[in-house]
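K.L.:
what shape does this take:
(chains A, B and C)
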Amino acid sequence: MKKSRPAVMKAAAVVGVAALGLGACGSSKSSNTGSSATTASGGGGSSTSAVKIGFFGALSGANAALGINILNGEKLAISQYMAGHPKVAVTVDSFDSQGDPSQANNGAQKLIGDKVVAVVGPAFSGESKAANPYFAQAGIPHITASATNVALAQSGDKFFYRGLADDSAQGPGDANYLVKTLGAKTIAVIDDKSSYGQGLADYVRSQIKTDGATDVVDDHVDPNGQDYSSTVNKIVAAKPAAVFYGGYYDAAGRLIKQLKDKGYTGAFMSGDGSEDPHFITDAGATAAEGAYLSCACEDTSAAPSAATFNTAYQAAYGTPPAIYSGEGYDVTNFLLAAIKAGNTTPSAINNYLKTNSWTGITKTLKFQSDGDLVGGTVYVYQVKNGKITQIGTTPS
Amino acid sequence: MHLHSFVTQFWPSTVDGVTLGSIYALFALGYTLVYGVLKLINFAHSEVFMVGTMSAMWIMHFLNISAIQSGFALVGALLLAALFSMGGSAATALALERVAYRPLRRRGASRLAALISAIGASFVLQQVFEVYYSNQYSNFPRLFKHSTLFNIGSAQITTDRVLIVVAAVVMMVALERTVALTKLGRGIRAVAQDPETATLMGVNIDRTIMYTFLLGGIMAGVAAVLWNVRFEQTRFDIGFLPGIKAFTAAVLGGIGNIRGALLGGLIIGLLELYGASVFGSQWRDTTVFVVLVLVLLFRPSGLLGESLARARA
Amino acid sequence: MLLEVDDVHVFYGAVEALKGISLQVAKGEIVALIGANGAGKTTTLKMISGVRPVKTGKVRFDGQDITHMPGHKRVDLGLCQAPEGRGIFPGMTVVENLEMGAFNRKGSLTEDFDRVYDLFPRLAERRKQVGGTMSGGEQQMLAIGRALMARPEVLLLDEPSMGLAPKLVSQIFSIIRQINAQGTTVLLVEQNAVQALTLAHRAYVLEIGKIVRSAPAADLLADDSVRAAYLGGDLGASA
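P.N.:
Next up, the predicted model:
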């Protein structure tokens, strides 16, 4: 679950506004055909019809980059699908949530009112908690490409799906990586007391014990504070082989920098909240070098299976795919596969998702009864020469 | 409770606490001076500090100074950063006085109105920097190696710590002497103690208030450049947390009291670090405020009690 | 006339505190302003010193219109006041308080310190004492001494006898006479009308913001109606 990526914020805001405009045009145009589609689908398969797939996520505001990445993946999948002149036309109906949970009600009502057959999103865990019940009540399947909070799958929502591993996979995966791959026997686990950061760190804490390592320092930092010397002093005194930090990139950057300043030489690892180039700028390139970061998201630029996607994405948007673009693309393709198979109502699509699987560019999507992924890979990244580079996956 | 870790980390905590505390102390002077003279909490003082950190960072970026310097280049870069920081902070403090306070004072508005005005000004400054500069952290370059000079216990005394503490103490002594010995200082103390009689003695109150903001701004500017040296990053909201701590330091020492600000700053810095090592870092702020409440229960006017009005500065 | 106040009105909010006051002080005089509590005596002095704004009317000093001149600038012209309640800076020493009197003056103050210590030997003994810890009488000496440090043409004194023991009152008044003899004009506000009228050359009687009598001090002292109203009917009442 990412918090903010505002380096691209200004650009993102511009793109977001443009996307909103497009989305609005698209929905108003297709609303007539949309209603005719519902009647047509009852009449038989031969006539051409149209359905809408919703998008729910931040397209403007400080956290917009993530939402835009997902929406771009979704749009690319749909435009590729439409290029094959299918029987059922599909359009995108997007809602800009600005990442704000208080917008969730509006967003859910809008998409439900627009009669979307499925939703890609919501993008963040917070807004998911607020919006998911509306989609569940309306019986509209919703697949998130990025929300990783564990509890989302535990609410009995029969229409919830998650296209990536959740925090309960990431935390233990990170612990396994530290203990089994890096061979760390003593680990300091620090977090920022946020529901994301502490949740992730708690999974790490319990898994490293299972793995036979010791949690030598347990401490919490204030993500808005600057002076982490008390935490740093504890770590330096305990001399652990590795430090894990659960939280976001700003605080992670400060922590690693102040650790290195006091002579800490062990390994440093953090979760997807820190997997952002700002982690490196905040820490300084020297301090950040060698740090490990994990994410349930795959860097598609390195994946052979994604070569075509990478090229198409670059051609469509003028930038290479970024975090969660591949996930957005994959979950949309799963929905399109359902539609292609003749499922044009929300309930038919929901049944299709429950009983089928889809092999995409990042992974094979197959869902458990609670909507969580079967399996689910956590990828490990490392800062190398000032760049966040995917280096492997976490051991089980 | 981790008494063991308190013992093992005593010296590093002390060194870090004194470093942080001496920055708080300089920062606190702005609150204390303005309160002493106007009986008003300048809540926008945290933004005076923020603009200082921004100005110092900006001139380094502007001149493309991003690496370790040595000799004259180092001294020059540090002085330049300090000058811009003090200039930025002082200009902000003066502007605040002129725009947010003086018009209200002229109209005889209540202190509450001035407080709201200060909070408003604080938001405006933050958002101007957020929107027109960046909502991300910007780095201040490391200008010299933070190498260890000597050890006290398990604590390494590094060059940056020495620079911060020495500069802070020198500035505090300079301010204290200014207020105690110069005509400007006598004017400030006179206005603090009895503004009407000060006028009867020929003191220009408006100008004295302006100088008070100026001095507080300069001190905040020094605090800001030292903060940059210590933490090497700044953002539009950087002033908020240290601002609260500095204000607390001023109250703890006795608001309006210059020596109180020094004492309060050091105590707060040390309490944060000691509290964190005993109870865990998530309790560092709680420790500070619990101690503040306890002190105020028994000494409502702070440790050194008197205000600038009473203190023989 | 050295100091002229011409039909001045002063308001506190909607309340009219001075309802058209006119008075003159000539060079070398001691002029007293007497009246009951709340008559506007202190307001008159503060208005002359520029710390109470004039709504209508004129104030002239040495022929110059100073009606709207800021208070701190009037000190440079030669108007200095020892205010009601003495206004000692409690955190400053005797020396620092005296220096405040000469705040805007340049050059050596040795002569002025000598003159003040000569008038008030008590202050010389207490140079390093903090103002807030001094007795009422000492504070009054300090307040007058401080005002003298400005080398005023007109010394404004607000209730110099307030709260002082009778012996000290007569001592203070004899020092005021001495200051006047050295060439300083004095405008004096007093509730202790007997002492004030004994000391002053001329006097004004204030009643609820207005001047109701103006006469040589000796005439007022001899006037039965004035005695009845302001002197408690009995010359020795305050003693």
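
K.L.:
who touches the helix ranked longest in chain C?
P.N.:
Scanning chain C for the helix with the most residues, using DSSP state H, yields helix C:166-181. Helix C:166-181 is touched from outside by C:28, C:30, C:119-120, C:137, C:140-141, C:144, C:148, C:155, C:157, C:160-161, C:164, C:186, C:188, C:192, C:195, C:198-199, C:238-239, with contacts defined as CB atoms under 8 Å, 6 or more residues apart in numbering or on different chains. Every C-beta, even on glycine, is put in place using the N, C-alpha and C of the backbone.

K.L.:
contacts for the helix or strand just after it, please.
P.N.:
Next along the chain after helix C:166-181, taking DSSP states H and E as the criterion, comes strand C:185-190. With contact meaning CB under 8 Å, 6+ apart, strand C:185-190 is reached by C:2-3, C:25-34, C:41-42, C:44-45, C:48, C:84, C:153-161, C:176, C:179-180, C:196, C:199-200.

K.L.:
give me the distance from the helix or strand containing A:Gln109 to the chain's centre.
P.N.:
When elements are assigned from DSSP H and E, A:Gln109 belongs to helix A:104-113. Helix A:104-113 sits 21 Å away from the centroid of its parent chain (CA atoms, centre = their mean, to the nearest Å).

K.L.:
then it to PDB, C-alphas only?
P.N.:
What follows is helix A:104-113, C-alpha atoms only, in PDB (Å, rounded to 0.1, in the frame of the first residue of the first chain):
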ATOM      1  CA  ALA A 104     -15.400   6.600  -1.300                       C
ATOM      2  CA  ASN A 105     -19.200   6.800  -0.900                       C
ATOM      3  CA  ASN A 106     -19.500   9.200  -3.800                       C
ATOM      4  CA  GLY A 107     -17.300   7.100  -6.000                       C
ATOM      5  CA  ALA A 108     -19.100   3.900  -5.300                       C
ATOM      6  CA  GLN A 109     -22.500   5.500  -5.900                       C
ATOM      7  CA  LYS A 110     -21.200   7.000  -9.200                       C
ATOM      8  CA  LEU A 111     -19.900   3.800 -10.600                       C
ATOM      9  CA  ILE A 112     -22.900   1.800  -9.400                       C
ATOM     10  CA  GLY A 113     -25.200   4.400 -10.900                       C
END
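
K.L.:
which parts of that helix are buried?
P.N.:
A:104, A:107-108, A:110-112 (16 or more other CB atoms under 10 Å in any protein chain shown).

K.L.:
could you do stretch B:284-299 as well?
P.N.:
Neighbour counts over stretch B:284-299 (16+ other CB under 10 Å) mark B:284-285, B:287-288, B:291-292, B:295 as buried.

K.L.:
a markdown table for those residues, including pLDDT and secondary structure?
P.N.:
Compiled in a markdown table, the buried residues of stretch B:284-299 are given as follows (pLDDT from 0 to 100; DSSP: H, G, I helix; E, B strand; the rest coil):
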| residue | pLDDT | secondary structure |
| --- | --- | --- |
| B:Arg284 | 90 | helix |
| B:Asp285 | 90 | helix |
| B:Thr287 | 91 | helix |
| B:Val288 | 90 | helix |
| B:Val291 | 89 | helix |
| B:Leu292 | 87 | helix |
| B:Val295 | 88 | helix |
